[in-house]
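Dropping the sequence and predicted coords here.
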Amino acid sequence: MPKWLKVIIIKVYYVGSQEVRKIENRFLKELHLSSKEVFSLLQKEGYHTKQEICNKMNMKLTTLNRVMKPLEELKLIEEIGMAESTGGRKPSVYGVKPNNYFIIGIDISRTYVTVVICDLTIKIIDKKSFTLDASFSPEKVVKLIGSLVEKAILENNINKSDVLGAGLGTVGPLDKDSGKLLNAKNFEALGWKDVSIKSMLEYELTLPVIIDNGANVALFVEKYYGIAKGLRNVLYINCGIGIRTAACVSNAIIQTHLNKEDVFAHMIVDMDGKECSCGNRGCVECYSTIIAIVNSFKEEMKNRGCTTIKKPINEVDYKDICQGAENGDELAKRVIEKAARIFGIGLVNYINIVNPEMIILSGPLVQHSNYFYELCIETVEKAYFVKEKSNEKKNVVFNKQGYFKYDAISIGAAASFIEECLKS
């Protein structure tokens, strides 16, 4: 039997006393390396003729025909039309066949969960979300994810055996080897410490699962499929309850110790500043997160700061403050401005280390406060004075939310699962 034929394996193992049955669609992993490379090229770059593939991969046509055969037989790629002729017969154009196989992408943040089902071109087929409160233990979250996946599979008439697996992007710190979410902060519910999230999801979904921090998978999908395509040095920063950061340097996404995504959040900008949860003082996180902004605004209100926001102090949330700043409320503007200026100064330090071509600022704070976003950029532009020999200021391109916007983590998790299969 040819090695590329589709093989489904059902693995049975135990987590404690619980039996786990995991469906593994191994054919993508078992493909020859050259076949994987051709599939990856078509998936990331879109439609190509055979000659274009040969030129990009430095491959003979006879070799390419042999390499493409298993991809066509497995219905991973297909002929999708004809290219314009430069003389003679029009060449066929090939691309990824989107609707034969599917991947699940999961985004678990501190306040919400998003679950998507994507096809092989990482187009969303189905998307479901729910918000988290103090009742959402890890067990409850995983159970609900399983229910939503089953519902989406039924609603879209998908055969479960055609679902290759799931990717999870979540908050750090993580132990990717053991599949554990370690000591995550700021979940409302208890129990989010030393959570075996990978094995829990594999048990619930009966599928293989890969995990990574959310900022990393968001950066991955923006770099290879989105707004940062073709760039070598990119920063992705998600501003919300915490500040989640990923960096790509020389085409490699940096893997931090314990896959932490809050390294920028704990950059010290004031040695004598506010005490931080990490034990230091004056970290960016102390001033420029949703929690810090709300606390700062409430402190000002208690000190009789004047505001047009007509809510009891305990009911004011970050959206009220962001909207107030947009509407010209002086107190809200002052609080947002301080947060943005400090964030911008920290960002200048980070830029000098990483030297990015693009910075993607994302997350709920950026989504709801254009004032915060614009002041961050203004601060960076005023403070970033590194010059080339030409005496011209280095340019850093800022982008708001990226191409995939609020779905970057969930789609990035699905894309990362495919990438992991192609590496194996």
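Cool, got the structure.

Which residue comes closest to residue 198 once chain neighbours are left out?
residue 179 (2.6 Å; Cβ to Cβ, 6 or more residues apart in numbering). To be clear about C-beta, it is placed using only N, CA and C from the backbone, and glycine gets the same treatment.

Name all residues that make contact with that neighbour.
Shown in contact with residue 179 (Cβ atoms under 8 Å, 6 or more residues apart in numbering): 196, 197, 198, 199, 209, 211.

Chain neighbours aside, what residue packs nearest to the spatially most central residue of the chain?
Centroid-nearest residue in the chain, with Cα atoms, centre = their mean: residue 218, separated by 2.2 Å. For residue 218, ignoring the flanking residues on the chain, the nearest one in space by Cβ to Cβ, 6+ apart is residue 408 at 3.8 Å.

so which helix or strand takes in that neighbour?
If you go by DSSP states H and E, residue 408 is part of helix 408-423.

Quick check: buried residues in that helix?
Going by neighbour count (16 or more other Cβ atoms under 10 Å), the buried part of helix 408-423 is 408-422.

Show me what that helix is packed against.
For helix 408-423, the packing partners by 3 or more Cβ pairs under 8 Å, 6 or more residues apart in numbering; DSSP states H and E come out as helix 27-30, helix 33-45, strand 102-108, strand 112-119, strand 163-170, strand 209-213, helix 214-225.

Which other helices and strands does whatever helix or strand comes next after the fifth one contact?
The one in question is strand 163-170. Per DSSP H and E, strand 163-170 leads on to strand 174-175 as the next helix or strand towards the C-terminus. For strand 174-175, the packing partners by 3+ Cβ pairs under 8 Å, 6+ apart come out as strand 180-183, strand 209-213.

Who wins on neighbours among the contacts of residue 179?
Using other Cβ atoms under 10 Å as the neighbour criterion, residue 211 leads the contacts of residue 179 with 26 neighbours.

Settle this for me: that residue is touching residue 196, isn't it.
No: Residue 211 lies out of contact with residue 196 (Cβ atoms under 8 Å); the separation is 10.5 Å.

On the strand side of things, show who the nearest residue to residue 214 once chain neighbours are set aside bridges to.
Using Cβ to Cβ, 6+ apart and skipping the chain neighbours, the partner closest in space to residue 214 is residue 169 (3.8 Å). Applying DSSP bridges to residue 169 yields these beta-bridge partners: residue 107, residue 212.

Near residue 155, how many other residues are there?
Number of residues near residue 155 (other Cβ under 10 Å) recorded here: 12.

Ramachandran angles for it?
Per-residue torsions, residue 155: phi -60, psi -30 (degrees, to the nearest 10).

ok, back up a step: in contact with the residue nearest to residue 218: list those residues for me.
Here residue 408 is in contact with 217, 218, 221, 222, 226, 236, 362, 401, 402 (Cβ under 8 Å, 6+ apart).

Against residue 49, how distant is it?
Using Cβ to Cβ, to the nearest Å, residue 408 is found at 31 Å from residue 49.

same question, residue 91
As defined by Cβ to Cβ, residue 91 lies at a distance of 4 Å from residue 49.

who touches both of those two?
Common contact partners of residue 91 and residue 49 (Cβ under 8 Å, 6+ apart): residue 83.

from what I can see residue 213 touches residue 174, true?
Yes: here residue 213 reaches residue 174: they are 5.9 Å apart, a contact under Cβ under 8 Å.

Just grab the bridge partners of residue 398 for me.
Beta bridges link residue 398 to residue 359 when assigned by DSSP bridges.

so how many other residues sit close to it?
Residues near residue 398, counting by other Cβ under 10 Å, number 17.

how much space between it and residue 74?
Relative to residue 74, residue 398 is positioned 41 Å away (Cβ to Cβ).

Flag the shaky bits of the protein, pLDDT-wise.
For the chain, the stretches with pLDDT under 70 are 1-27, 85-88, 257-259, 261, 384-394, 424.

longest helix of it?
Counting residues, the longest helix found in the chain (DSSP state H) is helix 330-354.

List the buried residues for that one?
Neighbour count says helix 330-354 has 331-333, 335-336, 338-348, 350-351, 354 buried, by 16+ other Cβ under 10 Å.

Next, the distance between the ends of stretch 247-255.
With Cα to Cα, to the nearest Å as the measure, the first residue of stretch 247-255 is 9 Å from its last.

again with stretch 381-399
Its first and final residues considered, stretch 381-399 spans 14 Å by Cα to Cα.

same check, this time on stretch 299-306
Taking Cα to Cα, stretch 299-306 runs 12 Å from one end to the other.

ok, back up a step: from the contacts of residue 179, which single one is nearest residue 262?
Of all the contacts of residue 179, the one with the least separation from residue 262 (Cβ to Cβ) is residue 211, at 16.9 Å.

Show the contacting residues for the residue nearest to the centre of the chain.
Contacts for residue 218 were tallied using Cβ under 8 Å, 6+ apart; they are 169, 236, 238, 246, 362, 402, 404, 408, 409, 412.

Shouldn't the third one be within a helix?
If I follow you right, that is residue 238. No: counting by DSSP: H, G, I helix; E, B strand; the rest coil, residue 238 is not found in a helix; it is strand.

my guess is it meets residue 217, correct?
No: if you go by Cβ under 8 Å, residue 238 and residue 217 don't touch, sitting 11.2 Å apart.
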